[in-house]
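> could you look at this predicted model? Sequence included:
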Amino acid sequence: MSVRDELLQRFLDAASRGDEEALSLMLSQSRELLDQRGEQGWSALMLTARNGHYDAARVLLSNGCDTSVTNRSGQTARDVALFWGHRHIARLLTSSPGHHLRQLLPSTDTEEPDIHFNREILDRMSDRRSDGEWLASRRASPETVFLLFHALSPLVRSGAEREEQIKLCKLRSAAVQELLTSSRTLEVFLGVDKQQQQQDDDDDGMVAWFALSTEDDPTQLLKDKDPSSFFLQEAMPGLLRLSDDDAGVVAQARSVLAWHSRYRFCPTCGGDTKVEEAGYKRTCLRAGCRSLQGVHNTCYPRVDPVVIMLVLHPDGKQCMLGRKKIFPPGMFSCLAGFVEPGETLEAAVRREVQEESGVQVGPVQYLSSQAWPMPSCLMIGCHCVAVTTDIKVDQNEIEEARWFTRQQVMDALVKDKRAVFIMPPRQAIAHYLLKHWIGCNANL
Ligand SMILES: NC(=O)C1=CN([C@@H]2O[C@H](COP(=O)(O)OP(=O)(O)OC[C@H]3O[C@@H](n4cnc5c(N)ncnc54)[C@H](O)[C@@H]3O)[C@@H](O)[C@H]2O)C=CC1
Ligand SMILES: [Mg+2]
Ligand SMILES: [Mg+2]
Ligand SMILES: [Mg+2]
Ligand SMILES: [Zn+2]
């Protein structure tokens, strides 16, 4: 008997005896044993089903075992369980493949999280974007709020309450008259204040917000404005210092402005473009350009979908986090990656995890999303369950990836002195994915 056959025999014997520990141990050393069949074409799962070993069958299932495999008589493990009267095991095997891994996913019936960049204090009123007259009246109103940007950085000042917090400078019509008429200014209509709108549904009472992006020399501009104001230097972590209200507005404004800065010319023919729909469209000026026929998505602000996922260990007690080289020392976060064309979210999660960590993923579950305006990502937050556990990182993308226990995540969350890693900041959806997983355990 070869070494391989001997190993398989030992594995099948453990299944016949219902020895869960031996099964787990052997699988952790050689996963390919999982669906292999012995002399009579019987797999380990069939043997647990034959002998009524419920827990051992669960161990095999939680490792991602294939329930559709048949023996030489064409019976599946479920058929075997029914034949020998083990109804509870038959029921276990009736559930869809991956059912047991699926049970490890946290519940999703929660409120939408109020995380950074996600708050919507403005009603975008897209139907007004082409109403030139109305826009002109809003531009002239003394109530209207103008946010100033230079090179995608908002004009801000230090917050009064907390030193680390910064506030958007909300300029009034009188302060931006010159900018409004300058050809070096780009204007985007952001919407109207929702709160104000509720109090007063008269059109003239609406407080409109605009973003103005200027190419003028910022030092010159600042001279005659509030001396304590400044253009925020680094988007990361600078934008994380905004209040939740301000962050939501910046997410919208910065993404649209970033699109303008990258799509100045028509991506279809390279021609000049003109800005329309209050900053929400760029139309090619070259007659006959293909982008003028039908709906061309390059004419509208772009969003890049990115999946971000907390990978759960099949034992349900650990999760995988990774480190990029650019992260602050000690910080570990969820893996993430751009969705590729022609890919579902689930496929993108499986591919990115496999690429970056070598781990294979089974069930995937969406939780919630976050706008991430660096420059225009939509973070799609998911939990997923791994079916393999050996980590082999892609050094180009990730410096290190590790499994962390719930306790280790808890310690990091409360910044306990025993913490072995630093959590991603509370403003990132990665933080929320971790917190949600921890919160779902009633024992903690
Ligand atoms: N809010 C949060 O908690 C987090 C947000 N993020 C954001 O998600 C983004 C994507 O995550 P990564 O791990 O960097 O993605 P990734 O794992 O797909 O790798 C990025 C690399 O892939 C290439 N790439 C492929 N498609 C691309 C596309 N459509 N646009 C740009 N580059 C593309 C580039 O070479 C890039 O350097 C980050 O840039 C970051 O802004 C990332 C982690 C946490
Ligand atoms: Mg990647
Ligand atoms: Mg990545
Ligand atoms: Mg990628
Ligand atoms: Zn064109």
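Arrived safely. Residues are numbered from 1 along each chain as shown. Ligands and ions are numbered 1, 2, ... in the order given.
> and the closest residue to ligand 4 within the stretch 101-250 of the chain, backbone torsions?
Nearest residue of the stretch 101-250 of the chain to ligand 4 (CB to the ion) works out as residue 236 at 18.9 Å. In this view, the C-beta of every residue, glycine as well, is placed from N, C-alpha and C. Recorded main-chain torsions at residue 236 are phi -110, psi 120, according to degrees, to the nearest 10.
> now it: closest residue in space, sequence neighbours ignored.
residue 374 (6.2 Å; CB to CB, 6 or more residues apart in numbering).
> which strand or helix spans that neighbour?
Residue 374 is part of no helix or strand when elements are defined by DSSP states H and E.
> contacting residues for residue 46?
69, 71, 75-77, 80 (CB atoms under 8 Å, 6 or more residues apart in numbering).
> tell me which stretches of the stretch 301-444 of the chain form helices.
345-357, 406-413, 429-439 (DSSP state H, counting those that start in this stretch).
> nearest to ligand 4, out of those?
helix 345-357 (5.8 Å).
> does ligand 4 have contacts with the closest one?
No: judged by CB under 5 Å from the ion, helix 345-357 and ligand 4 are separated, with a smallest distance of 5.8 Å.
> which secondary structure elements does that helix sit against?
Other elements packing on helix 345-357 under the criterion 3 or more CB pairs under 8 Å, 6 or more residues apart in numbering; DSSP states H and E are strand 304-312, strand 318-323, strand 335-338, strand 361-372, strand 377-386.
> list the contacts for the residue in the stretch 1-150 of the chain positioned nearest to ligand 3?
Evaluated by CB to the ion, the stretch 1-150 of the chain has residue 117 as its residue closest to ligand 3, separated by 19.1 Å. Contact partners of residue 117, counting by CB under 8 Å, 6+ apart, are 239, 247-248, 250-251, 370-373, 427.
> convert the helix or strand encompassing residue 198 to CSV, retaining C-alpha atoms only.
Counting by DSSP H and E, the element that carries residue 198 is helix 194-199. Coordinates of each C-alpha in helix 194-199 appear next as CSV, following Å, rounded to 0.1, in the frame of the first residue of the first chain:
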residue,chain,number,x,y,z
LYS,A,194,-32.6,68.5,3.5
GLN,A,195,-33.3,69.9,7.0
GLN,A,196,-34.2,73.3,5.6
GLN,A,197,-36.2,71.7,2.9
GLN,A,198,-38.5,70.0,5.5
GLN,A,199,-39.2,73.3,7.3
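> per-domain residue ranges of the chain.
3-102, 122-263, 304-439 (automatic domain parsing).
> could you pull up the mean pLDDT of the shortest one?
For domain 3-102, mean pLDDT is 91.
> and for the longest one?
For domain 122-263, mean pLDDT rounds to 91.
> what do you get for stretch 373-392?
Mean pLDDT, computed over stretch 373-392, is 96.
> ditto for stretch 312-323
Stretch 312-323 comes out at a mean pLDDT of 94.
> what residues does it touch?
Contacts of stretch 312-323 (CB under 8 Å, 6+ apart): 62-64, 101, 104-105, 310-311, 331-335, 356-357, 359, 383-387, 389, 391, 393, 398-406, 409, 421, 434, 437.
> show me where the stretch 201-350 of the chain has strands.
With DSSP state E, counting those that start in this stretch as the criterion, the stretch 201-350 of the chain has strands at 208-214, 229-231, 273-276, 281-284, 304-312, 318-323, 335-338.
> as a markdown table, these with distance to residue 157 and mean neighbour count would be great.
Shown next, in a markdown table, are the strands of the stretch 201-350 of the chain (distance: least, CB to CB, whole Å; neighbours: other CB atoms under 10 Å):
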| stretch | distance to residue 157 | mean neighbour count |
| --- | --- | --- |
| strand 208-214 | 17 | 23 |
| strand 229-231 | 5 | 18 |
| strand 273-276 | 29 | 14 |
| strand 281-284 | 32 | 19 |
| strand 304-312 | 31 | 23 |
| strand 318-323 | 34 | 23 |
| strand 335-338 | 32 | 20 |
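> can you put those in CSV and add distance to residue 164?
Converted to CSV, the strands of the stretch 201-350 of the chain look like this (distance: least, CB to CB, whole Å):
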stretch, distance to residue 164
strand 208-214, 24
strand 229-231, 15
strand 273-276, 36
strand 281-284, 37
strand 304-312, 25
strand 318-323, 24
strand 335-338, 25
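> so which of the ones you listed comes closest to ligand 2?
The nearest among those, by CB to the ion, is strand 335-338 at 3.7 Å.
> packing partners for the closest one?
Against strand 335-338 (3+ CB pairs under 8 Å, 6+ apart) you get strand 304-312, strand 318-323, helix 345-357.
> show me what contacts residue 399?
322-325, 327, 393.
> in JSON lines, list these along with distance to residue 169.
Listed next are the contacts of residue 399 as JSON lines, based on distance: CB to CB, whole Å:
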{"residue": "322", "distance to residue 169": "37"}
{"residue": "323", "distance to residue 169": "36"}
{"residue": "324", "distance to residue 169": "33"}
{"residue": "325", "distance to residue 169": "35"}
{"residue": "327", "distance to residue 169": "31"}
{"residue": "393", "distance to residue 169": "43"}
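> quick check: the farthest pair among the residues you listed?
327 and 393 (13.6 Å; CB to CB).
> have a look at the two and say which one is more surrounded.
More neighbours surround residue 393 than the other of residue 327 and residue 393, with 19 against 16 (other CB atoms under 10 Å).
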